[in-house]
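>>> Starting from these lines, generate the structure:
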Amino acid sequence: MTIASNVTEIRERIAAAARRGGRNVDDVVLMGVSKTFPADAVREAYAAGIRVFGENRVQEFAEKFAGLAHLPDAEWHLIGHLQSNKAARAAELFHAVDSGDSLRLVERLNAAAATLGKKLRVLIEINIGGEEAKAGLQPSSPELEEILLAAPQLDHLEIQGLMAIPPFVENPEDARPYFRKLREVRDNIVNRQLSGVGMSVLSMGMSHDFEIAVEEGSTCVRLGTAIFGTRT
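From the prediction side, this is the model:
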């Protein structure tokens, strides 16, 4: 199987899942999670039509960016945990940070984006399974509320929605309650009509469970293995 054939099959599966969920497939973005894969693989995915890519580490992406900078209209998203002391470099390299998980971090990102004269897109990461080993804010966390209320002052950030990595389950169907819960958290925020807070993006679903995520309202599925193959 080639990357191109993988992408074709995945798009068909996303379309089928969207139909089952009564959704428009055009509302679902396919992100290629290119962490640990070389620039050649990223270019191959780009040739197959992928335009949004996710990376886990600032330094790793910085090292391979030179081989990718020429790709027109490619979007680079940081999806891994970001330490606040690396916020400036992340704001420089990426179009979006999908793992905002503290007020201190988003304030650092805002300051860095202001220095660069750019608007940086941000998702708030939610620890939807309450797992101690994972990053992200609890849905009832006071810090989530602090970020939401601070949004009008973060004028170089565009808070676009939520991201989550639910607990791994062998049966993808068992992930459905977590996706549903994240959608409910998003809907509750939307209903508050908070200034400076957009909630159009619901980033959830990975290689083993993306079809369930699409059925439950995901607007961005993050696929690595399904596109690029097994990491070595």
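>>> With just CA atoms, put stretch 8-16 into CSV.
The C-alpha coordinates for stretch 8-16 follow below in CSV (Å, rounded to 0.1, in the frame of the first residue of the first chain):
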residue,chain,number,x,y,z
THR,A,8,-7.9,7.4,-1.0
GLU,A,9,-9.2,4.6,1.2
ILE,A,10,-9.3,6.9,4.3
ARG,A,11,-11.2,9.6,2.5
GLU,A,12,-13.8,6.9,1.4
ARG,A,13,-14.1,5.8,5.0
ILE,A,14,-14.5,9.3,6.2
ALA,A,15,-17.2,10.0,3.6
ALA,A,16,-19.1,6.9,4.7
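>>> Now that stretch: buried residues?
Neighbour-count burial for stretch 8-16, with 16 or more other Cβ atoms under 10 Å as criterion, is recorded at 10, 11, 14, 15. C-betas here are computed from N, CA, C, even on glycine.
>>> which residue sits closest to the last one in space, ignoring its chain neighbours?
With sequence-adjacent residues excluded and distances taken as Cβ to Cβ, 6 or more residues apart in numbering, residue 15 is closest to residue 25, at 4.5 Å.
>>> Assign the spatially most central residue of the chain to helix, strand or coil.
Centroid-nearest residue in the chain, with Cα atoms, centre = their mean: residue 98, separated by 4.5 Å. The three-state label for residue 98, taken from DSSP: H, G, I helix; E, B strand; the rest coil, comes out as strand.
>>> That one and residue 163 touch, don't they?
Yes: proximity of residue 98 to residue 163 meets the contact threshold set by Cβ atoms under 8 Å, at 4.8 Å.
>>> what is in contact with these two at once?
Residues touching both residue 98 and residue 163 by Cβ atoms under 8 Å, 6 or more residues apart in numbering: 79, 123, 125, 203.
>>> Cross those against strands and list the overlap.
In this view, the shared contacts of residue 98 and residue 163 that belong to strands under DSSP state E are 123, 125, 203.
>>> Give me the buried subset of those.
Buried, going by 16+ other Cβ under 10 Å: 123, 125, 203, out of these.
>>> and the buried residues of stretch 8-16 as CSV, adding pLDDT?
Conversion of the buried residues of stretch 8-16 to CSV gives the following (pLDDT from 0 to 100):
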residue, pLDDT
10, 98
11, 98
14, 98
15, 98
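>>> all helices of the chain, in order?
Secondary structure of the chain, counting by DSSP state H: helices at 3-20, 39-47, 58-64, 87-93, 103-116, 142-150, 176-192, 210-215, 225-228.
>>> Which strands or helices does the second one pack on?
So that's helix 39-47. Packed against helix 39-47, as judged by 3 or more Cβ pairs under 8 Å, 6 or more residues apart in numbering; DSSP states H and E, are the following elements: helix 3-20, helix 225-228.
>>> List the contacts of the shortest one.
Identification of contacts with helix 225-228 by Cβ under 8 Å, 6+ apart yields 3, 6-7, 10, 32-34, 37, 41, 45, 50, 207, 210, 231.
>>> The same query, at a cut-off of 10 Å, please.
Outside of helix 225-228, the residues within contact range by Cβ atoms under 10 Å, 6 or more residues apart in numbering are 3-4, 6-7, 9-10, 13, 30-38, 41-42, 44-45, 48, 50, 206-208, 210, 231.
>>> Same check on the first one?
Judged by Cβ under 10 Å, 6+ apart, the contacts made with helix 3-20 from elsewhere in the structure are 1-2, 23-30, 32, 37, 41-50, 205, 207, 210-216, 218, 221, 223, 225-229.
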